[in-house]
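Enquirer: sequence and predicted structure below; questions after.
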Amino acid sequence: MIKQQFEIPAGYKKWTLGFLAVGILALVLGFFVLGIGKDEHAQTRFWAVLLQNSLFFLMICNSAMFFICATTLAMGSWITTFRRVPEAISSLVPILGILALIVFACIIFGDKYHIYPWLDKNAVATDRVLNYKKGFLNPVFFLVWTIFTLCTWSFVGWKMRQLSRETDERPLSENQARQFTWKNTIWGSVYIVFFALTVGSSIPWLWLMSIDAHWFSTMYSWYTFGSTFVSGIALMGLFVIYLKNQGYLEYTNDEHLHDIGKFIFAFSIFWTYLWFAQFMLIWYANIPEETIYFKARLQGSYRGIFWLNLIVNFVAPILILMTRGSKRNYTIMTFMCVLILLGHWLDFFQMVMPGTVGEHYNLGWYEWGILALFIGLVMHFVGKSLTKSPMVPKYHPFLKESIMHHT
Amino acid sequence: MSLIKYESFVREPLVDGEKNYHVVTEEIVHTIEAKPTRLWYIGFSIAVILLLLGIYAVYREVTYGITEWNLGRTVGWGWDITNFVWWVGIGHAGTLISAILLLFRQGWRTGVNRAAEAMTIFAVICAGQFPIWHMGRVWLAFFVMPYPNTRGPLWVNFNSPLLWDVFAISTYFTVSLLFWYTGLIPDLATIRDRARTKLRKMLYGIVSFGWSGSTKHWQRHESLALVLAGLSTPLVLSVHTIVSFDFATSVVPGWHTTIFPPYFVAGAIFSGFAMVQTLMVVTRRVMNLQDYITIGHIEAMNKVIVLTGSIVGCAYLTELFIAWYGANIYESDAFFKGRLTGPYSWAYWIMMTCNVAAPQLFWFKKLRRNIEFTFIMSIIVNIGMWFERFVIIVLSIFRDYLPSSWSMYYAASIYEVGFFMGSLGLFFTAYFLFSKYFPVIAIHEIKHVLKTSGESYKARMGKIESEDMEQFYHEIHEAEHH
């Protein structure tokens, strides 16, 4: 029996509520204990963790839409049987976008210059470099470009999802199918171009690189893209496996899972490639204003996390996902998806924390609690979004190819 | 493999016309069996003349020394290293098409992979000439090989990216050659089996290594292709990555930037595809292969060109932005006074126009599918990519830290230009010989996609197309379990 319509299972609801409850508790407690305390260090911790999580989850959900658009432009048919999963994940972009915007607004209007040093008016007045950069690093430009970006991601993503719904009701004639492909290509291209202008360049500079406001690296944005894209695929893989286990996605089989595994494998190596290129070139040239970034991560209390990052995000996937069998195995793939997600969450942690809370970071109740909050949010909204459309776009022109897909 | 053959009608056929296996063989092999056309002789002669010119230019340089080139103390790398990087870049498309597109299961690669792989090998051979002859005392070239020796013992500098390049490129060349050659074996055996003269039978017999077409042979052949694809995929990335290290590991403003590795790789694929287009557009017309290298193939490659061109554009703009944002006066001067403006700004703007602006025209489907436009564009892209390397090399070093050693003008000598022309001659001589003696299209791979993607076969898929999903799914299950 093919289950066409997703209904949220009781167990799923229970876990979602559990994560949300823990998360909200951590947020409330954190707000009172850290957020409004006298201790500036605790305040910074409160906001830095929220920043790390909201940006990480926003960007991985957004990369689900990147995945859809990229495969659309490449005329990749294999994703059709499970494309409702990345669609559902991408529907979180407006929601997480608003959350990120709230965090930004609190940081900017609350003058949290331990997060973004360029918010400190005195520093901008006296510090030569910050002063020089104020044309780019200033609240107005930051907010305007961020809002514009979030709106465009949300709108084009919504458009792509709406287009996909056209294949649910009735068969498309040959002409309609060609038109459908054409429309998808147009909107997919709009998304990809805008993606290059935001995730591929300006957005990581503003949101993350400006935490270490003196420092710069041309690779930074592509590195951030690599990190969030591979995590986005892992999140998608996790939902596909879950839904398969629940008896949904009948047309999706080991072949599709195998290809998701290949993507995780390939883009883990891609991320490592960017990691290595950035690190090696800075290490080799040994210019003080550049090495300072890695000095904080390599020679202080972040040392463990710095190397763990590489082990989890490179050594593990290259060894574990190398063989054919492991990419077709539900247990191994579930483990790897979770590991990659945690690994890149940690990657974001080491991107955000050294420049904000500095040497005395925590990985305690608050950090894990906020992680739980965002896991709960993702589970809740993805689950809800999945119920809103049939699990399979029944009349999609590529569905038959996807059903008989061989990797 | 599923027994049911099906491909969505949305996709264009990869092989046009009413074809069966025999027709495919005939159409591809007949150019090898027939005498070359007049056009071939003319082209080949021009290529050989260019090659001779290059040999003379190199002879001058070896005999009279590097001063035959207009290099100086400030600009110590000029046309030679520009040409080296340009050719290495071009040598990326073949292996990308044969390896990465194989892993991505892109059926359209079958029409162009053979010629692209051959082109890769010739391009890498051309690239290798430049650093070798640039050594000056070329008879000591074997010094780059690290081995225990009686010269001191004198070891190479393992910390130098220039040495890594030696390894990267020779590895890449070896694997590409193996990949290309093993792919050729079944097709060479086809020519052998059709041979009418004893000599041809013998020669093609030797080079096809006794291929018999048994199941075991095919099985080994396919596993080897996968293994080599797995090996060459990281190699495609590594070669230009290491070429970029030649520059980026330094502290020269304009060279030292972290985005160099992926951006060099994207640029390499960009120029490589442009060169494939140049060759394919001509080859398909001269050899009458329009049914195999269809407009669809041309369009697919143009899509890769617009993609990689835009990635390169994104990197250029990132560099410019960070040159400002980095708040380093040397860095920003290198870009804003040494490139955007200044005595060499024309080179920078040629690069920007050809590499970033011009390919954007490929967003239009009509232009992507226009043969003449594609041909012109493919040349424009490679002019742009040549200038990119010239910009990176000369425009970063012509003003060094000491204003007294600024070199206000660097122009190539006639022997530098001659050397470059000679490399073009070498490349085209090799390509002409290849197109005469080897099948320019992978016959066995075309046969592999023929029954799912051939025009006449696709026309018969209407029945499956009209089936509803349940029925279709059921049939597939049946087919797979019996």
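Expert: Yes, it's here.
Enquirer: is stretch A:274-285 anywhere near chain B?
Expert: Yes: using CB under 8 Å from any CB of the partner chain, stretch A:274-285 reaches chain B at A:Leu274, A:Ala277, A:Gln278, A:Met280, A:Leu281, A:Ile282, A:Tyr284, A:Ala285. Yep, even glycine has a C-beta here, placed from its N, CA and C like the rest.
Enquirer: and that stretch, how far out from the chain middle?
Expert: Remark: stretch A:274-285 is offset 24 Å from the chain centroid, using CA atoms, centre = their mean, to the nearest Å.
Enquirer: so for that stretch, mean pLDDT?
Expert: The average pLDDT within stretch A:274-285 is 96.
Enquirer: check stretch B:394-412 too.
Expert: The predicted model gives stretch B:394-412 an average pLDDT of 86.
Enquirer: one more: stretch B:305-312?
Expert: Stretch B:305-312 comes out at a mean pLDDT of 95.
Enquirer: which non-adjacent residue is nearest B:Tyr172?
Expert: In this structure, B:Tyr172 finds its nearest non-sequential neighbour in B:Val239, 4.6 Å apart by CB to CB, 6 or more residues apart in numbering or on different chains.
Enquirer: quick one: B:Pro261 from B:His92, how far?
Expert: 13 Å (CB to CB, to the nearest Å).
Enquirer: among these two, which residue is more densely surrounded?
Expert: B:His92 (32 against 27; other CB atoms under 10 Å in any protein chain shown).
Enquirer: could you export stretch B:365-378 as CSV, CA atoms only?
Expert: Extracted C-alpha coordinates of stretch B:365-378, given in CSV (Å, rounded to 0.1, in the frame of the first residue of the first chain):
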residue,chain,number,x,y,z
LYS,B,365,19.0,29.4,-25.5
LYS,B,366,19.0,30.6,-29.1
LEU,B,367,22.7,31.6,-28.7
ARG,B,368,23.6,28.4,-27.0
ARG,B,369,22.3,26.5,-29.9
ASN,B,370,23.9,28.7,-32.6
ILE,B,371,26.9,27.0,-34.1
GLU,B,372,28.6,30.1,-35.5
PHE,B,373,28.1,32.0,-32.4
THR,B,374,29.4,29.1,-30.3
PHE,B,375,32.5,28.9,-32.4
ILE,B,376,33.3,32.6,-32.1
MET,B,377,32.6,32.5,-28.4
SER,B,378,34.8,29.6,-27.8
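Enquirer: for that stretch, which positions count as buried?
Expert: B:Arg368, B:Asn370, B:Phe373, B:Thr374, B:Phe375, B:Met377, B:Ser378 (16 or more other CB atoms under 10 Å in any protein chain shown).
Enquirer: what lies in contact with it?
Expert: B:274-275, B:277-278, B:281-282, B:295, B:298-299, B:302-303, B:305-306, B:358-359, B:361-362 (CB atoms under 8 Å, 6 or more residues apart in numbering or on different chains).
Enquirer: select only the buried ones of those residues in ChimeraX?
Expert: The ChimeraX command for the buried members of these (criterion: 16+ other CB under 10 Å) is given here:
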select /B:274,275,277,278,281,295,298,299,302,303,305,306,358,359,361,362
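Enquirer: among the contacts of stretch B:365-378, which ones are in helices?
Expert: B:274-275, B:277-278, B:281-282, B:295, B:298-299, B:302-303, B:305-306 (DSSP state H).
Enquirer: and chain A, which of those reach it?
Expert: B:Lys303.
Enquirer: of the ones in helices among the contacts of stretch B:365-378, which is the nearest to chain A?
Expert: B:Lys303 (7.7 Å; CB to the nearest CB).
Enquirer: average pLDDT for the helix or strand where B:Glu117 lies, rounded please.
Expert: Following DSSP states H and E, one finds B:Glu117 within helix B:109-134. Averaged over helix B:109-134, pLDDT sits at 92.
Enquirer: same thing with stretch B:67-74?
Expert: Mean predicted lDDT for stretch B:67-74 stands at 89.
Enquirer: try stretch B:191-198
Expert: On average, stretch B:191-198 scores 92.
Enquirer: what about B:Ser404, how many residues nearby?
Expert: B:Ser404, neighbours per other CB under 10 Å, totals 5.
Enquirer: are we agreed that it is in a helix?
Expert: Yes: using DSSP: H, G, I helix; E, B strand; the rest coil, the assignment for B:Ser404 is a helix.
Enquirer: neighbours of residue 122, how many?
Expert: All of this refers to chain A. Neighbours around A:Asn122, by other CB under 10 Å: 8.
Enquirer: oops, wrong one, chain B.
Expert: Close neighbours of B:Phe122, defined as other CB under 10 Å, add up to 23.
Enquirer: next one: the one 4 residues further on
Expert: Using other CB under 10 Å, B:Cys126 has 25 other residues around it.
Enquirer: any figure for the gap between it and B:Ala430?
Expert: With CB to CB as the criterion, B:Cys126 and B:Ala430 are 9 Å apart.
Enquirer: spit out the residues that contact B:Pro261 and B:His92 alike.
Expert: B:His240.
Enquirer: now do the contacts for residue 204.
Expert: Let's take chain A. A:Tyr220, A:Ser221, A:Tyr223, A:Thr224, A:Phe225.
Enquirer: not what I meant, chain B
Expert: Residues near B:Tyr204 by CB under 8 Å, 6+ apart: B:Leu188, B:Ala189, B:Ile191, B:Arg192, B:Ala195.
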